[in-house]
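Trainee: 3D, please:
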Amino acid sequence: MRTTFCLFPLILCFSLRLVMAAEPPALWLYYPTNLLPDENIPKLQAIWKRAAAAGYSKILLGDSKFGHLSTLPDGYFKNCRKVRQIATDLKLDIVPSVFSVGYSNDLLFNDPNLAEGLPVKDTLFVVHDGMASCVADPEVTLTKPSFVDDTVQFNGDVATVHGDAVHHRFAYKLSLPPFRCYHVSVDVKTQNFTAHPQIQALVGGERGLTFSNLTVGPTQDWKREDVIFNTLDQRDITLYFGVWDEAKGTLWWRNWKIEEVGLVNVLRRGGAPCTVKIEGGRDCVEGRDYDPIVDPHLGNDPWPGEYHVWHEPPLIHTHLPDGTRLRVSWYHPAIIYDGQVCACISEPKTMALLADQAKRMKALWESDGYMMSHDEFRVLNWDASCRKMDRTPGQLLADNVRQCTALIQPKTAYVWSDMLDPFHNAVPGPYYLVNGPYTDSWEGLDKSVVIVNWNYGKRDKSLKFFADRGHSQILAGYYDGPLSDWHNWLASAKSTPNIVGYLYTTWENNYDHIEEFATMSREGK
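Mentor: Numbers count the residues shown, from 1 in each chain. Take a look at the predicted model:
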């Protein structure tokens, strides 16, 4: 009898473990929003009510304002309290997003100078009437194209593209100094044009130096487009104007030109120094030989944290004699696609802002877990803050992940998979404008961190990699493509241990399929 009573707790414990092991993965809903406008709260409530009815239990909540809570009015926090109550009533757990490492604009709201900087070295400025301005050294022009696709027709200074083909490009081979900044401009006109025109500065036909999108509509009158690129450590650049996807309709280019420029979006912080010296002579002293250098348009239009690819750069105000030749070195941010700017994670103030965010978000949401937004981190390891660390981008990111995880613990830390996945973005490179390899970034992962895996293309290798490291994983599926792709994720999940969640992930705020996603997930097929 005594033996039976002794065995009973062990049997009960074992049974409970079996029940727990048999629990299906939780259903998660990705819900990015803006909690400041009152009208967004009823919209949120309606979607979350549907999700709860369909069996979802977790909300991955994102809001760019999480990055600068100290700047927000009382009404914002009132709405946050309403949202917490909605979740409680619906029996939903909120997991808020923190640490915008990668898409850092909301963090840079606090200080636009914390952007990761690309170096510009020894740009020539010449003094005239108390102002020093950039002078091209050497001169560069776009004269005769070195390459033209058959689909591009020239008529004077206008290049015309007609659709019904894949490639429509013309290009110029340029020999330029390393670590210089160039502005490319062109007028663009379209008529029922279905593709996406691009300006690309390429090295060796593959490595890109510029990634900013143009703002060309399907039908528009002449409108100027601007691109900035830094030559970095390269000299031989091919500058393309073109279309790389299948097109219909008509596109016109005219007035294309290139110019060397200085101090556009110049960063001012200790880890991104701006220095001025007299050519062949002494270093100049800011505040004595020239007025303090500031770009009033850096990262603040139409609000803090938003950067424009191009605006007229500031000149240098000085009392130095006319004709004085100056060599100016400085740093500027890279703007990726439609405005993404990455913060410098090696700058001490950046880490202080992340720590402050963790403290404020924990007090605001009191959640059991937080999502680290280390995602598509496309510029790193160029400015002085990073270079003095003498580490690879992968090692820098690993250190940051380690520190951010500690800020969340003992609460559960979640993280997007891509920057820590050797089968996704944690690669030897080149990767966008990252200086060096992202390999070994995963070494910063504590085994308690839950991976939110969105590597659909190489899902089996990726899932195995993180499972072998001992991580629990959540599968991020849908992302606005065919819902049928979710079947493939579910098939891969069957052979992977520790899958603890399925995340309905929409980049386009499309919640039409949340019930169907839930049904497919429950059926496992």
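
Trainee: which regions of the stretch 401-525 of the chain sit below the pLDDT cut-off?
Mentor: The stretch 401-525 of the chain contains residues with pLDDT under 70 at 525.

Trainee: try it again at 90.
Mentor: Applying pLDDT under 90 to the stretch 401-525 of the chain flags the ranges 481-482, 484-485, 523-525.

Trainee: and if you look at the stretch 101-250 of the chain?
Mentor: Ranges of the stretch 101-250 of the chain meeting pLDDT under 90: 156, 162-167, 204-206, 245-247.

Trainee: switch to 80 and redo it
Mentor: Within the stretch 101-250 of the chain, the ranges that satisfy pLDDT under 80 run 163-166, 205.

Trainee: before we move on, what about the stretch 251-400 of the chain?
Mentor: Applying pLDDT under 80 to the stretch 251-400 of the chain flags no residue at all.

Trainee: point to the residue nearest the middle of the chain.
Mentor: residue 103 (3.3 Å; CA atoms, centre = their mean).

Trainee: OK, contacts around that one?
Mentor: 340, 342, 373, 375, 376 (CB atoms under 8 Å, 6 or more residues apart in numbering). C-betas here are computed from N, CA, C, even on glycine.

Trainee: surely the third one touches residue 102?
Mentor: Read that as residue 373. Yes. Counting by CB atoms under 8 Å, residue 102 is a contact partner of residue 373 at 6.7 Å.

Trainee: could you measure from residue 295 over to residue 312?
Mentor: Per CB to CB, to the nearest Å, residue 295 is found 10 Å from residue 312.

Trainee: please say which of the two ends up with more neighbours.
Mentor: The neighbour count for residue 295 versus residue 312, taken as other CB atoms under 10 Å, is higher for residue 295 (21 against 10).

Trainee: checking my notes, the more buried one in a helix, right?
Mentor: No. Counting by DSSP: H, G, I helix; E, B strand; the rest coil, residue 295 falls outside a helix, being coil.

Trainee: that one against residue 266, yeah?
Mentor: Yes. With contacts counted by CB under 8 Å, residue 295 reaches residue 266, the gap being 4.8 Å.

Trainee: who touches both of those two?
Mentor: Contacts common to residue 295 and residue 266, judged by CB under 8 Å, 6+ apart, are 313, 314.

Trainee: buried sites along the host helix or strand of residue 187?
Mentor: Assigned by DSSP states H and E, residue 187 belongs to strand 181-191. Residues of strand 181-191 classed as buried by neighbour count (16 or more other CB atoms under 10 Å): 181, 182, 183, 184, 186, 187, 188, 189, 190.

Trainee: okay, those in CSV with distance to residue 418 next?
Mentor: Shown next, in CSV, are the buried residues of strand 181-191 (distance: CB to CB, whole Å):
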residue, distance to residue 418
181, 29
182, 30
183, 32
184, 30
186, 33
187, 37
188, 32
189, 37
190, 33
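
Trainee: which one of the residues you listed is nearest residue 333?
Mentor: When these are compared for distance to residue 333 (CB to CB), residue 181 wins out at 11.4 Å.

Trainee: which residue, other than its chain neighbours, is closest to that closest one?
Mentor: residue 120 (4.9 Å; CB to CB, 6 or more residues apart in numbering).

Trainee: and the closest residue to residue 283 other than its chain neighbours, bridged to which residues?
Mentor: Spatial nearest neighbour of residue 283, excluding adjacent residues (CB to CB, 6+ apart): residue 277 at 4.6 Å. Per DSSP bridges, the residues bridged to residue 277 are residue 283, residue 327.

Trainee: enumerate every residue touching residue 277.
Mentor: So residue 277 contacts 283, 284, 326, 327 (CB under 8 Å, 6+ apart).
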